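In: coordinates only, sequence not included:
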């Protein structure tokens, strides 16, 4: 009896050891393939330098759909197709201008309209400025102090945060909801300090929403560079009656037709189980969006290229989904989920890369404990590649809407320190990408997909 | 009896828990201080943008000695002093020129002389080229194939390596020993592919040595950009008889007097035990050396600033040592050790930062098992700061000569992917530094020094 138990134990240990060795070897091949034979860097070069910015509804976005579809078609997938989705079309118009009027001196400062904002009048807008640090402070000041003024939201991202995304989370409400809230107290416009941890001259755009306030109460909203914010704040201290002028001519048009781009490999054993890997194809309009999220797009495509180079056929269906309109609407993610529901599809796993193309550090996971622990148990496999951070947290915006019965979601977690130097600003360009960091990210994604494909997920309760 | 054992156990657990909680709290304060109240970034701005390149024996190096000494004097140390050291003085002279002569076409390529190389004749040097991948290949070819030619060393750094320093290690012999070896077979000059993982137009300099061959056999040695190397290799394939022209006017002068800069806080409990933290003050001459090693210099100074801000008085003596002449001689490190021996000093710990100012990932440790395990046991304290990599390996060149009876040595290990994009090239400038990454590195160094200071090292055998 004892002997046979021992034999079974040794046998099982042998299987586990064999599996681990196999997996170790495959990860080695995945990383080698990506570092020596990847296409993601030239793909991103084309997307960034030949196509350029890709705001939803723009010509660039349309070109990016056609280009990535054509590239996916070269990879021998079972199916490559477009998924129709209506997207908002917001256009910046002429370059914005702004200056501080300090007594008789005009000091130019760099601003840009926030996505979704209305224009100022043709001649621009001039008003006194009131600086606040939060929406609460705005509310406390009330109509008496706000009416007729430009509200200047100037709470910086918190330097002491180790992860820059936490600093972003702590300051983001000013940009997203500032105009809506200020309008309620009679403000005539808002200027928000750019969501950038460093001091420089670049204004950072991003989505803002008027929520459900009446259209007649929409007020123009812009971002000012961090140096500009410092200057405005300092000048306000010496002259609280200074005036601020800004002019922007942005406009919201009717929704237009666009597409999610999808490539699929049918699973060899469980074609009904779907694993998604993706990023978003749209970018802001100020730059070519190489980090946000050109990197995530080409890394997701690279996963297929790596599997092709290795001759690896997934057991479950693998779908590369290049989502449209993450930045100002999330329509691509919502449409994808709507159709997944309509077609009664079973998604077991979704992985998004939308945190920049920097050195990969790990994954942020939306998973129940059983699956979180299962993924954690692969930590040693990732150690040789310096992938060490497996935490519970936000995975990705585009895969957010996905609600299969049991699903694990993951976001690639690159080093975050430089991300907000570029995020939504004019310098988010191809030269800020390091080829090896991009490729290491793609390999890290391919490795997790491979391990999920081999080992499955634990079918417990629905993931958070 | 049982009860009392339990009590003792609980008491000891309490002490350990209390110590850990204290240490946790101190690390939190160290990182906060560095991210919100550091001087390292403005110090580096001055060193890079006001002083510039700092090759040993240059005016820049002299200015850097005076500047860092003056800054250390503002930090309330017990003693700040200079340590005399004679250093080599090599001067590049006029900017180098080079071109490929392919039949009647001249194609310019970017080169730079390697440090320590001799000049070509005034009119430059023209010869046929033989491409090799290694010193072994050179030796196999022998005099018949080499004599009268320029040897072109073209083995690239290996892309598949995860850590870029391993790729550097695997290709570095071509630069350091290529000219010496080629000269033995009658070569008239050498051109080495720049030690850079990416393809670009920047030549990367670095030290080379003629070893013990007679001076009459010294031949000019230069580096060519990676794009230039690709072009030369391709052109050689279609025209093996092409000629290569290059001209450089570099010169070795007599040694000159320079200095290590040292700042010291006397230990409150064990003044006889010395902990060193440092980087090297000299840089190559092509750029201001912000990563190599301006970053290490200002991070080492920041450690003192952090301790000052926290009001932390080390139990052991803490010395900031800014070494001179790491790049082409290591004279500063050798002199420091010589005087440490002469003064019978007892060094227990040395930490160097000389791998760039990128996001810190961990430490490379030269320690016996007992000390390695002790440092590993602090891993959980570092986890909130994303410091995860504690490996045995090379610590730092400047602290290499140190040979106290029992000493632990550590090198800060930043993310290495981008390092060789800048290393020894004209783009190693201040704009390639991210303020937060630099500050996180300084905090990581201060944290390890604090933990060593609190817990001591294990006095076992001499470290490797």
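Out: It's in. Model, not experiment: these values are computed from the prediction.

In: give me the neighbour count for the residue of the stretch 351-464 of chain A found nearest chain B.
Out: Residue of the stretch 351-464 of chain A nearest chain B, by Cβ to the nearest Cβ: residue A:388 (4.0 Å). From N, CA and C alone the C-beta is placed, and that goes for glycine too. Residue A:388 has 18 neighbouring residues, counting by other Cβ atoms under 10 Å in any protein chain shown.

In: contacts only, for the nearest residue to it once chain neighbours are set aside.
Out: Distances taken as Cβ to Cβ, 6 or more residues apart in numbering or on different chains place residue B:388 nearest to residue A:388, at 4.0 Å, with adjacent residues excluded. Residues in contact with residue B:388 (Cβ atoms under 8 Å, 6 or more residues apart in numbering or on different chains) are A:386, A:388, A:389, B:361, B:362, B:379, B:382.

In: ok, residue B:388 to residue A:72 distance?
Out: 35 Å (Cβ to Cβ, to the nearest Å).

In: run me through the strand neighbours of the longest strand belonging to chain A, direction for each.
Out: Determined from DSSP state E, the single longest strand within chain A is strand A:251-265. Strand A:251-265 sits in its sheet next to strand A:79-91 (antiparallel), strand A:316-323 (antiparallel), going by DSSP bridges.

In: show me the contact partners of the first one.
Out: Outside strand A:79-91, the residues that touch it by Cβ under 8 Å, 6+ apart are A:55-58, A:65, A:69, A:72-73, A:115-116, A:250-264, A:266, A:282, A:324-325, A:328-329, A:331-332, A:335-336, A:339.

In: tell me the buried residues in stretch A:127-135?
Out: A:127, A:129, A:130, A:131, A:132, A:134, A:135 (16 or more other Cβ atoms under 10 Å in any protein chain shown).

In: tell me the pLDDT of the residue nearest the centre of chain A.
Out: Centroid check for chain A by Cα atoms, centre = their mean gives residue A:354 as the closest residue, at 3.7 Å. Model confidence at residue A:354, given as pLDDT, is 98.

In: ok, now which ones touch it?
Out: Here residue A:354 is in contact with A:279, A:280, A:292, A:293, A:296, A:326, A:396, A:397, A:398, A:411 (Cβ under 8 Å, 6+ apart).

In: ok so, going back, can you select the buried ones among the contacts of strand A:79-91 for me in ChimeraX?
Out: What follows is the ChimeraX syntax for the buried subset of the contacts of strand A:79-91, where burial is set by 16+ other Cβ under 10 Å:
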select /A:55,56,57,58,65,69,72,115,116,250,252,255,258,259,260,261,262,263,264,282,324,325,328,329,331,332,335,336
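
In: quick check: what element follows the helix or strand hosting residue A:412 along the chain?
Out: Counting by DSSP states H and E, the element that carries residue A:412 is strand A:408-414. Going down the chain from strand A:408-414, the next helix or strand is helix A:419-422, by DSSP H and E.

In: and after that following helix, which helix or strand comes next?
Out: helix A:435-455.

In: that next one vs strand A:408-414, what angle?
Out: Put simply, helix A:435-455 runs at 160 degrees to strand A:408-414, going by axes from the mean of the first three to the mean of the last three Cα atoms, to 10 degrees.

In: so is helix A:435-455 next to chain B?
Out: Yes. Legend: contact between helix A:435-455 and chain B by Cβ under 8 Å from any Cβ of the partner chain is shown at A:435, A:436, A:437, A:440.

In: which of these are buried?
Out: A:435, A:436, A:437, A:440.

In: hmm, the second one is touching residue A:34, no?
Out: No. Counting by Cβ atoms under 8 Å, no contact exists between residue A:436 and residue A:34, whose distance comes to 9.3 Å.

In: fine by me, thanks again.
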